[in-house]
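> show me how the following folds:
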Amino acid sequence: MTTTQNTTAGTAGTTVTQVRLPGQAAAPDGPIDPFMMYVMHHAFRRDLAGFVRCAPHTPVPDRATWHALQERWSLFRETLHHHHAGEDAWLWPLLESRCTSAEKAVLDAMEAEHGQIDPLLAACDDGFAAMAAGADERSRDNLTDVLGRTQEHLATHLAHEENDALALIQQYLSEDDWATLEKRFGEDNRLRDLFRVAPWAVKGLDEDAYRQLRPRIPGPMWVIARLGSRSFRRGERRAFRYDPDVAI
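Got it, this is the predicted structure:
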């Protein structure tokens, strides 16, 4: 991670070299290094793309694979819920206390978009449960459709957040503010959770992404990701065995 002097806002300070990952819409300049937010966004985009590809190709009678997909969906769902709940509880209120009235519209939109995505996620929950219980081709078609709409809505939301909400973060939060928020986001994580989430978070990152993230992510987290990777890959092979585009 490198820094340069930032004088574009009219005040002295530093600008962190921002992480840029595949699919990311923007990375506003500023003193905060929200790299983990970008990692999570990459993982959310990656997962939904995988579910959208895989669902229509998974045979309806293969209930074992649908059970594996349902379990894998639960990991995505829990992680996304934790991410959005933390933003709604801590991040947006902190920004709202500091930004202008006009800028609060961005934060109102963030919460509203979370509310629009939630029913789609619930419909996906129901769809995966139905397929795992033994459903029909129409149920699979319905699940494929709602997964596509979920992907579209979440992609729009993440791009909005990266372009506009991250700009407010860079403008109004200090490094100490961000460190406190990151601690709050992680305070309920158990070691068992880290062994699930760490290999999930770094799945599919290319060499350039690893180069950017290596000095940012603490060494113990890389160790946990490696230790959990074998079990994680087994689960990926079970769930995404019919993915037409990706070799697990």
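
> give the next helix or strand downstream of the longest helix belonging to the chain.
Taking DSSP state H as the criterion, the chain has its longest helix at helix 104-133. Per DSSP states H and E, the first helix or strand lying C-terminal to helix 104-133 is helix 137-160.

> quick one: that next one to helix 104-133, angle?
Per axes from the mean of the first three to the mean of the last three CA atoms, to 10 degrees, the angle that helix 137-160 makes with helix 104-133 is 160 degrees.

> and helix 137-160, C-alpha only, in CSV?
In CSV, the C-alpha atoms belonging to helix 137-160 read as follows (Å, rounded to 0.1, in the frame of the first residue of the first chain):
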residue,chain,number,x,y,z
GLU,A,137,-38.4,-27.7,-14.2
ARG,A,138,-40.8,-24.8,-13.7
SER,A,139,-39.4,-24.2,-10.1
ARG,A,140,-35.9,-24.3,-11.6
ASP,A,141,-36.9,-21.7,-14.2
ASN,A,142,-38.4,-19.5,-11.5
LEU,A,143,-35.3,-19.8,-9.5
THR,A,144,-33.1,-18.9,-12.5
ASP,A,145,-35.2,-15.9,-13.2
VAL,A,146,-35.1,-14.5,-9.6
LEU,A,147,-31.4,-15.1,-9.4
GLY,A,148,-30.9,-13.1,-12.6
ARG,A,149,-33.0,-10.2,-11.1
THR,A,150,-31.1,-10.4,-7.8
GLN,A,151,-27.8,-10.2,-9.7
GLU,A,152,-29.0,-7.2,-11.7
HIS,A,153,-30.3,-5.3,-8.6
LEU,A,154,-27.2,-6.1,-6.5
ALA,A,155,-24.8,-5.1,-9.3
THR,A,156,-26.6,-1.7,-9.6
HIS,A,157,-26.4,-1.2,-5.9
LEU,A,158,-22.8,-2.1,-5.6
ALA,A,159,-21.9,0.3,-8.4
HIS,A,160,-23.9,3.1,-6.8
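
> centre of the chain to that helix, how far?
What separates the centre of helix 137-160 from the centre of its chain is 15 Å, taken as CA atoms, centre = their mean, to the nearest Å.

> go on, stretch 118-128?
Relative to the centre of its chain, stretch 118-128 is centred 17 Å away, using CA atoms, centre = their mean.

> got a list of contacts for that stretch?
Residues outside stretch 118-128 that contact it (CB atoms under 8 Å, 6 or more residues apart in numbering): 51, 66, 69-70, 73, 77, 80-81, 139, 142-143, 146-147, 149-150, 153. C-beta here means a position set from N, CA and C on the backbone, and glycine is covered the same way.

> make a PyMOL selection of the buried ones in the residues you listed.
Buried residues among those (16 or more other CB atoms under 10 Å), as a PyMOL selection:
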select buried, resi 51+66+69+70+73+77+80+139+142+143+146+147+150+153
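
> ok, the contacts of stretch 118-128 vs residue 131, which is closest?
Relative to residue 131, the closest of the contacts of stretch 118-128 is residue 66; by CB to CB it sits at 4.2 Å.

> quick check: next helix or strand after the helix or strand hosting the closest one?
Element membership of residue 66, judged by DSSP H and E, is helix 63-86. Using DSSP H and E, the helix or strand that follows helix 63-86 in sequence is helix 92-96.
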